[in-house]
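1. below are the sequence and a predicted model; questions follow.
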Amino acid sequence: MEAIYLDHAATTPMDSRVISTINSVSESVFGNPSSVHSFGRKARQLLDESRRMMATSINANEKEIIFTSGGTEADNLALIGTAIANQDKGTHIITTVQEHHATLHTAEYLERQGFRVTYLPVDETGKVSVNDLDKALTDETILVSIMYVNNETGVIQPIREIGQLLNEHQAYLHTDAVQAYGLLDIDVQELGVDLLTVSSHKINGPKGIGFLFASTNVKINAQQFGGEQERKRRAGTENVAGAAGFQKAVELAGEHKAERVDKYKKYKDMFINELENGEVSFQVNGDLGDTIASIVNISFPGTNVEQLLTNFDLDGIAASSGSACTAGSVEPSHVLAAMFGESDARTTNSIRFSFGIFNNEENVKEAARRIVKIVKRLTA
């Protein structure tokens with residue numbers, strides 16, 4: 001039985017060309033980018049090339065790119081670094097209840113440090129209201145952090161409108177674009193964002209590297225200490241091979257963006273059609289018309305996450321959920337609880353399916369057919 005991977009939103013397989021790039025750099029370039037000798041200069045050259053590629057991909061300046069160990073570190077640096085550096089202007093931060101835990105737990109940490117955090121609600125479509133944000137803004141607000149695309153539902157947030165709202169306000173705008181990058185066109189100038197988070201392993205690049213875009217107008221404090229790497233904003237010897245692999249993944253994502261968007265949208269439609277043809281009861285969570293091409297979140301009434309994921313895995317299907325499964329109990333997805341209420345059954349019977357380069361039309365259809373059989377068996 002063929003194993004079918006429908007969990008690309010969690011992580012993606014590395015493209016073979018990315019692996020080749022990493023291997024080549026690992027074998028031939030080992031110098032420290034901070035060293036002045038030829039070995040170091042070669043490493044610095046590759047790092048600078050990667051940084052320029054990252055900057056170009058979002059219409060930024062290369063000096064505004066900070067390499068990190070991934071999305072979580074980038075979110076932490078964006079929130080904590082900016083909050084600490086700007087607390088003389090105020091101590092109020094705004095985010096949403098459905099953020100990735102890399103943001104939510106960081107916001108909770110800042111609350112313990114004396115900052116005041118407002119957690120905006122979302123509606124049943126999974127979107128935050130720009131009007132709610134407008135009402136929450138105060139003269140003390142220094143940072144707004146709202147994800148570009150929700151990692152569980154795939155729902156796209158109104159970042160451009162939020163950027164316009166904050167245009168005349170002192171607050172910086174941060175967006176976690178981990179799920180958006182590579183599939184949506186991102187121009188930080190047009191969006192009006194001051195800080196933006198990206199992770200390599202979501203676009204078929206290596207794990208352990210990402211970047212934070214921090215506009216030149218942003219006052220930000222480093223959160224780790226040592227050398228003067230990354231313009232004194234992130235100490236530590238840079239991951240040159242990882243950056244080169246990341247660069248290759250960005251190049252490939254740019255070249256194939258339109259093709260991948262069309263392909264993943266087709267997979268999503270085919271997947272949903274197969275479920276409909278199988279006559280099982282299900283419901284798509286979130287505004288399907290305004291989601292990223294690669295993600296769909298589906299509720300299966302009469303089931304629960306733990307039994308679904310266990311049976312899917314036994315049948316060779318990899319998917320995931322925002323619900324936390326522990327020893328016979330399921331904690332509701334905080335994202336779906338924000339959309340529908342904590343007591344709604346959808347918070348514990350919904351699965352995220354996400355498509356990518358490991359998929360083709362046949363294995364997407366086959367996965368849906370297997371899921372139909374499993375759901376019918378579980379709800380019989």
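-> Alright, I've got the coordinates. Numbering: from 1, shown residues only.

2. how is this protein divided into domains?
-> Here the domain parsing of the chain from automatic domain parsing is 4-12+256-379, 16-251.

3. where in this protein is pLDDT low?
-> Residue ranges of the chain with pLDDT under 70: 323-330.

4. returning to that earlier point: could I get the domains of the chain as CSV with mean neighbour count?
-> Every residue, glycine included, has its C-beta placed from N, CA and C. Shown next, in CSV, are the domains of the chain (neighbours: other C-beta atoms under 10 Å):
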stretch, mean neighbour count
domain 4-12+256-379, 19
domain 16-251, 20
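
5. residue ranges of the helices in the stretch 101-250 of the chain, please?
-> In the stretch 101-250 of the chain, the helices defined using DSSP state H, counting those that start in this stretch lie at 101-112, 130-136, 159-165, 188-191, 229-232, 240-277.

6. can you put those in CSV and add distance to residue 210?
-> Below are those laid out as CSV (distance: least, C-beta to C-beta, whole Å):
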stretch, distance to residue 210
helix 101-112, 11
helix 130-136, 26
helix 159-165, 18
helix 188-191, 16
helix 229-232, 13
helix 240-277, 8
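
7. quick one, which of the ones you listed is nearest to residue 337?
-> The minimum distance between residue 337 and those falls on helix 101-112, with 12.6 Å, by C-beta to C-beta.

8. which residues touch the residue lying farthest from the centre of the chain?
-> Using C-alpha atoms, centre = their mean, the residue of the chain lying farthest from its centre is residue 37. It sits 37.7 Å away. With contact set as C-beta atoms under 8 Å, 6 or more residues apart in numbering, residue 37 has these partners: residue 31.

9. how much space separates it from residue 31?
-> Separation of residue 37 from residue 31 (C-beta to C-beta, to the nearest Å) stands at 7 Å.

10. swap in residue 110?
-> Distance, residue 110 to residue 31, using C-beta to C-beta: 38 Å.

11. the helix or strand hosting residue 18 - contacts with which helices or strands?
-> When elements are defined using DSSP states H and E, residue 18 is found to belong to helix 16-28. Applying 3 or more C-beta pairs under 8 Å, 6 or more residues apart in numbering; DSSP states H and E, one finds that helix 16-28 contacts helix 240-277.

12. quickly run through the sheet partners of the helix or strand just after the helix it packs on, with directions.
-> Following helix 240-277 in sequence order, the next helix or strand is strand 283-284 (DSSP H and E). Partners of strand 283-284 in the sheet, by DSSP bridges, are strand 295-299 (antiparallel).

13. now the partner strand, how far from the centre of its chain.
-> 16 Å (C-alpha atoms, centre = their mean, to the nearest Å).

14. can I get that strand as PDB, trimmed to CA atoms?
-> Coordinates of each C-alpha in strand 295-299 appear next as PDB, following Å, rounded to 0.1, in the frame of the first residue of the first chain:
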ATOM      1  CA  ILE A 295      -4.600  23.800   2.700                       C
ATOM      2  CA  VAL A 296      -8.100  22.600   3.500                       C
ATOM      3  CA  ASN A 297      -9.400  21.900   7.000                       C
ATOM      4  CA  ILE A 298     -12.300  19.400   7.200                       C
ATOM      5  CA  SER A 299     -14.700  18.400  10.000                       C
END
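
15. I appreciate the help and will end here.
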